[in-house]
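Participant: for reference, the sequence and a predicted model appear below.
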Amino acid sequence: MNLTPKEIVAYLNEYIIGQFEAKKAIAIALRNRYRRMKLEKEMQDEVIPKNILMIGSTGVGKTEIARRLAKMMNLPFVKVEASKYTEVGFVGRDVESMVRDLALAALALVKSEHKEKNKQAINKYVEKIILEKLLPPLPKGASEDKQDAYKQSYEKMRERLITGDLDGLNIEVDLHQSDNDFGSDSNMPPEMIKVQESFIKILSAGQNSIKKEISVKEAKEVLKIEAADKILNNEAIKREAAQRTQDSGIIFIDEIDKIAVPSSAQGRQDPSKEGVQRDLLPIVEGSTVSTKLGSINTDHILFIAAGAFHLSKPSDLIPELQGRFPLRVELNSLNEDTLCKILTQPKNSLLRQYQALLKAEDVELIFDDEAIKAIAKIAYAANEKTEDIGARRLHTIIEKVIEDISFSADEHKGETIHVNAALIHKKLDAIVENEDSARYIL
Ligand SMILES: Nc1ncnc2c1ncn2[C@@H]1O[C@H](COP(=O)(O)OP(=O)(O)OP(=O)(O)O)[C@@H](O)[C@H]1O
Ligand SMILES: [Mg+2]
């Protein structure tokens with residue numbers, strides 16, 4: 001959480017090429033959250049986050065930046081598609097559900113942290129239950145010798161349990177039904193969830209523990225859930241999760257351009273799109289949403305919106321909403337050089353992915369430098385000639401290039417295959433030359 005902006009950018013650089021402006025804006029926004037927590041309470045309440053609007057055509061890394069951030073930062077994070085809220089009614093979701101989703105994400109996050117912290121206690125609890133099933137209990141008033149012997153065999157059993165020696169044995173355990181999973185559909189308002197939960201309680205009254213024979217291996221996992229329920233302080237977890245949702249939650253609203261009504265629509269209005277924008281206003285502005293964790297105030301949640309804005313412009317959003325995303329960053333289109341770097345530099349770059357996939361068949365795939373340049377060049381040309389789909393173009397091209405190798409990989413077991421420029425030109429030149437075929441194939 002206390003990474004400096006420079007460190008955040010350095011981390012993102014491992015996965016995303018270029019787009020420095022966007023990385024910088026997000027890094028600063030995150031750091032400001034951290035700075036805010038150091039202020040006095042009164043000041044803290046005043047400092048509201050500056051929401052960010054990322055603008056860039058498709059496939060240039062908007063979603064990727066957000067995805068990587070979430071993974072790294074251990075922050076409550078959700079990504080939603082703005083367009084899915086336009087189908088209000090039975091299939092659509094109400095806009096507030098994004099806050100409920102965020103609360104659930106925070107809950108899962110805090111819970112797993114607490115589990116990690118109490119790992120030892122949880123394991124001990126599980127071991128104790130299993131061992132008591134395996135070892136007949138010591139009769140009351142047993143002599144000291146007997147007690148010592150019991151302790152010894154208990155320890156021995158414990159070791160065998162830990163090493164997995166006993167995994168194959170079957171034991172009978174009481175399984176308590178946990179009611180944790182109910183109401184995880186965040187689309188439902190919390191009042192409904194409560195009703196549902198009480199129904200389930202009534203229906204399952206008296207039978208919330210069932211005996212079942214399972215293997216020790218399974219028991220280890222199953223009992224962990226029960227142990228966590230017993231050992232962890234659920235109230236404290238909920239309180240912490242609510243706090244973290246409010247103070248460090250991030251909601252990433254993707255495809256926000258899809259709810260803008262383009263000016264080319266010439267006065268025709270689209271009530272469902274504008275409706276979603278209006279619904280978004282109070283949430284982005286700061287309001288209270290009731291969730292499973294209680295009321296969540298959205299004042300300090302950071303919103304990052306992203307969109308390609310091909311057909312519409314940011315100014316086509318209703319003015320109130322535009323004003324709530326004061327930081328605008330533009331992501332650049334990818335040129336030949338960047339495409340080339342995207343192929344090779346990121347930690348899990350496309351080429352590495354393909355190499356790993358074929359490695360599974362025991363085929364070594366090597367891309368020559370010239371070949372990589374040729375792929376980037378063709379991808380760029382295809383983006384220019386047809387639609388610009390950014391880095392996604394690389395996928396279609398590489399697929400085409402290694403199609404044959406991929407298909408007959410089993411015949412090449414143990415071989416090393418060089419992908420050189422000649423192969424690329426042979427597979428693709430004819431396609432690229434003809435605009436029509438390029439449109440269909442690439
Ligand atoms: N600058 C970049 N560096 C590394 N990889 C990139 C970059 N831009 C895009 N990619 C890769 O391209 C793919 C698509 O990127 P991403 O999902 O971020 O697109 P997007 O900008 O969100 O597009 P859309 O507007 O269609 O949602 C991802 O697999 C990502 O890894
Ligand atoms: Mg995207």
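Facilitator: Cool, got the structure. Ligands and ions are numbered 1, 2, ... in the order given.
Participant: spell out which parts of the stretch 1-150 of the chain neighbour ligand 1.
Facilitator: Within the stretch 1-150 of the chain, the positions near ligand 1 by Cβ under 6 Å from any ligand atom are 16-19, 56, 58-64. C-beta here means a position set from N, CA and C on the backbone, and glycine is covered the same way.
Participant: which member of those residues is positioned nearest Gly249?
Facilitator: Lowest distance from Gly249 to these (Cβ to Cβ) belongs to Thr63, with 18.2 Å.
Participant: ignoring the adjacent residues along the chain, who's closest to that closest one?
Facilitator: Asp254 (6.0 Å; Cβ to Cβ, 6 or more residues apart in numbering).
Participant: for ligand 1, see how far away that neighbour is.
Facilitator: Applying Cβ to the nearest ligand atom, to the nearest Å, the value for Asp254 to ligand 1 is 6 Å.
Participant: how about the contacts made by that residue?
Facilitator: 62-63, 66, 79-82, 305-307 (Cβ atoms under 8 Å, 6 or more residues apart in numbering).
Participant: rerun that using 10 Å as the cut-off
Facilitator: Contacts for Asp254 were tallied using Cβ atoms under 10 Å, 6 or more residues apart in numbering; they are 54, 62-63, 66, 79-84, 304-307.
Participant: now the residues of the stretch 1-150 of the chain next to ligand 1: which count as buried?
Facilitator: Buried by 16 or more other Cβ atoms under 10 Å: 16-19, 56, 58-64, out of these.
Participant: from these, which single one is nearest Leu442?
Facilitator: Nearest to Leu442 among those, counting by Cβ to Cβ, is Gly59 at 13.2 Å.
Participant: show the contacting residues for the closest one.
Facilitator: By Cβ under 10 Å, 6+ apart, Gly59 lies in contact with 308, 333-334, 383, 387-395.
Participant: residues contacting Lys400?
Facilitator: 375, 378, 424, 427-428, 431, 441-442.
Participant: make a PyMOL selection of the buried ones in those.
Facilitator: Of these, the buried ones go into a single PyMOL selection, burial set by 16+ other Cβ under 10 Å:
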select buried, resi 375+378+424+427+428+431+442
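Participant: got the phi and psi for His310?
Facilitator: Reported as degrees, to the nearest 10, the phi and psi values for His310 are phi -80, psi -50.
Participant: give me the spatial nearest neighbour of it, chain neighbours excluded.
Facilitator: Counting by Cβ to Cβ, 6+ apart, His310 lies nearest to Ser57, which is 6.6 Å off, once chain neighbours are set aside.
Participant: my assumption is that that neighbour lies in a helix; please confirm.
Facilitator: No: the assignment for Ser57 is coil, going by DSSP: H, G, I helix; E, B strand; the rest coil, so no helix is present there.
Participant: what pairs with the residue nearest to Thr63 across the strands?
Facilitator: Glu81 (DSSP bridges).
Participant: quick check, pLDDT for it.
Facilitator: On the pLDDT scale, Asp254 is placed at 91.
Participant: same thing with Ser178?
Facilitator: 55.
Participant: contact partners for Glu221?
Facilitator: By Cβ under 10 Å, 6+ apart, the residues touching Glu221 are 126, 214.
Participant: mind checking pLDDT for it?
Facilitator: 84.
Participant: and the chain, what are its domains?
Facilitator: Structural domains annotated on the chain: 5-109+243-330, 119-231, 336-432, as defined by automatic domain parsing.
Participant: so where is this protein shaky, pLDDT-wise?
Facilitator: Residue ranges of the chain with pLDDT under 70: 1, 87-93, 177-190, 204-208, 265-269.
Participant: change it to 50
Facilitator: Filtered on pLDDT under 50, the chain yields the residue ranges 90-92, 182-183.
Participant: tell me where it has strands.
Facilitator: For the chain, strands defined by DSSP state E occupy the ranges 52-55, 77-81, 170-176, 209-215, 250-254, 288-291, 294-297, 302-307, 327-330, 364-367, 416-419.
Participant: burial count for the residue of the stretch 301-442 of the chain found nearest ligand 1?
Facilitator: Per Cβ to the nearest ligand atom, Ala391 is where the stretch 301-442 of the chain lies closest to ligand 1, at 3.3 Å. For Ala391, the count of nearby residues is 22 (other Cβ atoms under 10 Å).
Participant: return the backbone torsion pair for it.
Facilitator: Backbone torsions of Ala391, given as degrees, to the nearest 10, read phi -70, psi -20.
Participant: dump the residue contacts of the closest residue to Ile375 other than its chain neighbours.
Facilitator: In this structure, Ile375 finds its nearest non-sequential neighbour in Ile397, 5.7 Å apart by Cβ to Cβ, 6+ apart. For Ile397, the contacting residues are 339, 343, 350, 374-376, 378-379, 382, 424, 427-428, 431-432, 441-442, by Cβ under 10 Å, 6+ apart.
Participant: just those residues: which are in helices?
Facilitator: The helices, defined by DSSP state H, take in 339, 343, 350, 374-376, 378-379, 382, 424, 427-428, 431-432, 441 from these.
Participant: quick check, nearest of those residues to Thr245?
Facilitator: Leu350 (35.3 Å).
Participant: from Thr386, how far off is that closest one?
Facilitator: Distance, Leu350 to Thr386, by Cβ to Cβ, to the nearest Å: 20 Å.
Participant: name the nearest residue to Ser295, ignoring sequence neighbours.
Facilitator: Nearest residue to Ser295, sequence neighbours excluded (Cβ to Cβ, 6+ apart): Thr288, at 4.9 Å.
Participant: repeat for Lys133
Facilitator: Ile171 (4.4 Å).
Participant: you'd agree that neighbour is up against Ser215?
Facilitator: Yes: with contacts counted by Cβ atoms under 10 Å, Ile171 reaches Ser215, the gap being 7.8 Å.
Participant: higher neighbour count, these two?
Facilitator: Neighbour count, other Cβ under 10 Å: between Ile171 and Ser215, Ile171 has more, with 18 against 13.
Participant: got the contact list for the more buried one?
Facilitator: Neighbouring residues of Ile171 by Cβ under 10 Å, 6+ apart: 129-134, 212-216, 218-219.
Participant: most neighbours among the residues you listed, which one?
Facilitator: So for these (other Cβ under 10 Å), the most neighbours sit at Ala219, 24 neighbours.
Participant: how close does that residue get to ligand 1?
Facilitator: Distance, Ala219 to ligand 1, using Cβ to the nearest ligand atom: 41 Å.
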